[in-house]
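Enquirer: model this:
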Amino acid sequence: MRHPRPRPVGRPANWPRRLFILGLCSLLGLAQLPASWPAAALNAACAGQCRIAEADGAWWQGRGRLFARLPDADAWFDLGPLAWQLKPFSASAEIRLGDGRATLALAGDGLHLSADGLVLPAALLLAQPALKLPGSGWQGRLALGRSTTHWSFAGIPDSQGELVWHGAASGLLEDYPLGELRIAWAYQADGLQARLAGGRQGNIELDGQLVLHGKNAGRGWQGKLTGEARLANDAESRLGRYLQMIAQPQGGGRYRLDWSAT
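Expert: Below is the predicted model of the structure:
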């Protein structure tokens, strides 16, 4: 009578199945990590200058409320409700902040970012130390219109969009209300071209063109601003002397923009 050959001791016959089950359990466990996990990671990444309160949901699809502050400042800006979602099947991620949203996706030969409707306090962005502007005195809101940015794996950037400064005012200009200023830009490998426009009806009108060329060794950016600005009523007496730093008076409250940086 023949007996079946015994299986080798210590060598499981169904190891592929066990490995699959182990991997599946790991993925399920990872998917259940709470939204507080990316909230803590964000707080660490921005050195305590931003935080997500009331975080709820999973790490890959969560929500909360976003707060941010300037370096060495005690006051926090409430930026509104925040929601995020990772979409692995489309290789993309979406973030919603207030009524705006941004989407980052792996597309073709690189990464593609699209955004629309994002609104932030002007003070939060313009007072950042990296811009080397005054750390206070900025008023109004910066609203990002429909914009797209593409980073190719070959290192060639491409970006276009529009940014509007609502309720613009600055301590640099005696807190005089400037109205609504907008910039529409197009950036490619050879540099930046931007259209500047807006103002306050009956007092300030701006129409200009900014061109910036890429960095040259040891000389930084080269650029030129051209166009026209028109001041009326008290705007000329309050702002004229500042405008003359980058423009030539033409009479009748008109100024020809003619500024270059090399």
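
Enquirer: Surely residue 55 and residue 67 touch.
Expert: No: using C-beta atoms under 8 Å as the test, residue 55 is too far from residue 67 to be in contact (11.7 Å). In short, each C-beta sits where N, CA and C put it, glycine included.

Enquirer: of the two, who's got more company?
Expert: Taking other C-beta atoms under 10 Å, residue 55 and residue 67 do not tie; residue 55 has more neighbours (20 against 17).

Enquirer: Could I get the buried residue list for the helix or strand containing that one?
Expert: Element membership of residue 55, judged by DSSP states H and E, is strand 50-58. Across strand 50-58, burial judged by 16 or more other C-beta atoms under 10 Å covers 50-52, 55, 58.

Enquirer: repeat for stretch 107-127
Expert: Within stretch 107-127, the residues that qualify as buried are 110-112, 114-116, 118-124, 126-127, counting by 16+ other C-beta under 10 Å.

Enquirer: again with stretch 92-110
Expert: 92-97, 100, 102-105, 110.

Enquirer: Helix or strand next in line after the strand holding residue 55, which one?
Expert: Next helix or strand after strand 50-58 toward the C-terminus (DSSP H and E): strand 61-68.

Enquirer: Which other helices and strands does that following strand contact?
Expert: The contact analysis (3 or more C-beta pairs under 8 Å, 6 or more residues apart in numbering; DSSP states H and E) places strand 61-68 against helix 36-45, strand 50-58, strand 77-87.

Enquirer: Start and end of stretch 184-204, how far apart?
Expert: Between the opening and closing residues of stretch 184-204 there is a gap of 19 Å (C-alpha to C-alpha, to the nearest Å).

Enquirer: What mean pLDDT does it get?
Expert: Stretch 184-204 shows a mean pLDDT of 92.

Enquirer: where in the protein is pLDDT low?
Expert: Residues of the chain meeting the criterion pLDDT under 70: 1-34, 214-220.

Enquirer: switch to 80 and redo it
Expert: 1-38, 47, 72, 108, 135, 154-156, 189-190, 214-221, 261-262 (pLDDT under 80).

Enquirer: mind listing the helices in it by residue range?
Expert: 15-31, 36-45, 122-126, 234-243 (DSSP state H).

Enquirer: Give me the contact list for stretch 195-211.
Expert: Residues from elsewhere that reach stretch 195-211, judged by C-beta atoms under 8 Å, 6 or more residues apart in numbering: 164-165, 177-185, 191-194, 223-235, 239, 257.

Enquirer: Quick one, which of those are buried?
Expert: Here, 16+ other C-beta under 10 Å leaves 164-165, 178-185, 192, 194, 223, 225, 227, 229-231, 235, 239, 257 buried among these.

Enquirer: show me what contacts residue 229?
Expert: Neighbouring residues of residue 229 by C-beta under 8 Å, 6+ apart: 204-208, 243, 247, 254-255, 257.

Enquirer: Try it again at 6 Å.
Expert: Contact partners of residue 229, counting by C-beta atoms under 6 Å, 6 or more residues apart in numbering, are 206, 243, 255.

Enquirer: okay, now the first one: neighbour count?
Expert: Think residue 206. Per other C-beta under 10 Å, the neighbour tally for residue 206 reads 21.
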